[in-house]
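Chemist: sequence first, predicted model second:
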Amino acid sequence: MARSKIALIGAGQIGGTLALLAGLKELGDVVLFDLVEGVPQGKALDLAELSPVAGFDAAFAGTGAYEQIAGADVVIVTAGVPRKPGMSRDDLLAVNLKVMEQAGAGIAKYAPDAFVICVTNPLDAMVWALQKASGLPRHKVVGMAGVLDSARLRYFLADEFNVSVEDVTAMVLGGHGDTMVPLMRYCTVAGIPVPDLIRIGWTSTDRIEAIVTRTRNGGAEIVELLKSGSAFYAPAASAIVMAESYLKDKKRVLPVAAPLSGEYGFRDLYVGVPAVIGARGVERIVELELDRAERAQFEQSVASVQGLVDACAKIAPDLV
Ligand code: APR
C-alpha cells in the first residue's frame with residue numbers, strides 16, 4: 001500500500017516539529033509548505049538527512065507552491081502569525097483570517113478529500129474560517145486545542161500527585177483561551193475522579209483551583225518565557241495524535257474543536273468537545289451532562305467563540 005501523504009501548511013516552529021514527529025511515527029510522506037522561500041526546503045532536507053539516523057522511511061519535500069500538496073490525506077495548518085508577549089489571541093484575528101482564506105483555497109483545489117486539522121490561533125474562529133474558505137465537509141475539518149489544554153492539565157495533575165502522566169486523564173471543553181472549561185469531575189487518576197482525590201486528602205480545592213488557572217494560562221506562560229514565539233512541542237504532538245487517529249482509524253476519543261450541529265444546544269460553530277476521530281473524520285460528538293456551574297462556564301466560553309466568529313464574519317462577509 002502506498003504511504004499516506006501529510007501536508008503541513010506553515011513550516012515554522014510547529015510545522016517543523018509536526019514533520020519530525022510524522023517521520024518518527026512513520027505516518028507517511030511529508031510536504032512542508034511555507035511562504036518564506038528556503039525554509040520548508042531546508043527543513044525538509046534536514047529531516048530527510050535525519051531519517052537514516054532515526055531509522056524511518058518517509059519522503060520530505062519543501063515547497064512554496066500549493067500544487068505540491070495534491071492528494072494529501074491529512075493537512076495540518078499552522079500558517080499564520082504567532083502571539084507575541086502581551087498580545088491576546090484575539091489580536092491575531094484579522095491577520096490570520098487572511099491566511100485561512102489562502103490555505104482554504106489551496107486545500108479546496110488540491111486536497112479536497114483530506115482530513116484537515118487547524119492549529120492557527122485564535123483557534124476556534126480560525127477553524128471555522130478554514131472550513132468555510134475550503135468548503136470541505138464539516139466533519140473533515142477540526143481544530144486542535146483540547147488535546148493540548150488537557151495535556152497541560154494532565155501534566156500539572158500528575159506533578160501534583162507525583163504519579164505517572166500515563167495514569168492521569170483530563171477533559172477540557174469550550175474555546176481555546178481564558179474561557180476554556182476544565183471539567184474536574186471528568187479528570188481522573190487511574191479512574192478516580194479528582195473530587196474523590198480531594199475527599200481522601202491527596203490534594204485540596206485551593207491547589208486544584210491553582211492548577212485550573214495555570215492550565216487556562218498555559219499558552220501565555222510559555223509565551224512569557226520564550227519572549228519570541230509560542231509553544232510548539234506540545235501543540236505539534238497534540239495535532240499528530242489527531243492525525244494518527246484519523247490515518248489509522250483508531251477512533252480515539254479526543255477533545256477537539258468540532259463543528260456543532262445542535263449538540264450542547266449550539267450549531268454552526270466550532271467548539272471544544274470530546275469527539276471520536278476515525279477514518280470518517282469526526283465520527284461522533286460525545287455530549288456530556290454538565291451540571292449548572294459547568295453549563296454556565298461552557299455557555300460563557302461559547303459566547304466568546306461566537307464573538308470571534310462574528311468579528312471574522314464582519315471582516316470577511318463572503319465566508320459566511
Ligand atoms: N501561507 C503559508 N505560510 C505562512 C503564511 C501564509 N499565508 N503566513 C505565514 N506563514 C508561515 C510563516 O512564514 C511561518 O513559517 O507560517 C509559519 C508560522 O510559524 P511560526 O511563526 O514559527 O509559528 P508557530 O510557532 O509554528 O505557530 C503557528 O500556531 O500557535 C498557533 O497562532 C499560533 O500562528 C501560530 C501558529
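Modeler: Arrived safely, thanks for sending.

Chemist: need the residues of the chain near the ligand, please.
Modeler: 9-15, 34-36, 39, 78-82, 92, 99, 102, 119-121, 229-230, 232, 235 (C-beta under 6 Å from any ligand atom). In this view, the C-beta of every residue, glycine as well, is placed from N, C-alpha and C.

Chemist: next, the buried residues of the longest strand belonging to the chain.
Modeler: Using DSSP state E, we find that the single longest strand of the chain is strand 267-278. Within strand 267-278, the residues scored as buried using 16 or more other C-beta atoms under 10 Å are Leu269, Tyr270, Val271, Gly272, Val273, Pro274, Ala275, Val276, Ile277, Gly278.

Chemist: likewise stretch 300-314?
Modeler: So stretch 300-314, judged by 16+ other C-beta under 10 Å, has buried residues Ser301, Val302, Ser304, Val305, Gln306, Leu308, Val309, Ala311, Cys312, Ala313.

Chemist: contacts for it, please.
Modeler: Here stretch 300-314 makes contact (C-beta atoms under 8 Å, 6 or more residues apart in numbering) with 90, 93, 97, 122, 124-125, 128-129, 173-175, 177, 179-181, 264, 266, 269-271, 319-320.

Chemist: of the residues you listed, buried ones?
Modeler: 90, 93, 97, 122, 124-125, 128-129, 173-175, 177, 179-181, 264, 266, 269-271, 319.

Chemist: which ones among the residues you listed are found in helices?
Modeler: Of the buried ones among the contacts of stretch 300-314, the ones assigned to helices by DSSP state H are Leu93, Leu97, Asp124, Ala125, Trp128, Ala129.

Chemist: out of everything not next to it in sequence, what's closest to the residue in the chain that the ligand sits nearest to?
Modeler: Nearest residue of the chain to the ligand, counting by C-beta to the nearest ligand atom: Gly12, 1.8 Å away. Nearest residue to Gly12, sequence neighbours excluded (C-beta to C-beta, 6 or more residues apart in numbering): Thr78, at 6.4 Å.

Chemist: repeat that for Asp34.
Modeler: With C-beta to C-beta, 6+ apart, the residue lying closest to Asp34 is Ala11, at 3.8 Å.

Chemist: the one you found in helix, strand or coil?
Modeler: Here Ala11 is recorded as coil under DSSP: H, G, I helix; E, B strand; the rest coil.

Chemist: check which residues of stretch 3-19 are buried.
Modeler: 4-19.

Chemist: who are the neighbours in contact with the residue of the chain closest to the ligand?
Modeler: Counting by C-beta under 8 Å, 6+ apart, Gly12 touches Asp34, Val39, Thr78, Ala79, Pro82, Phe232.
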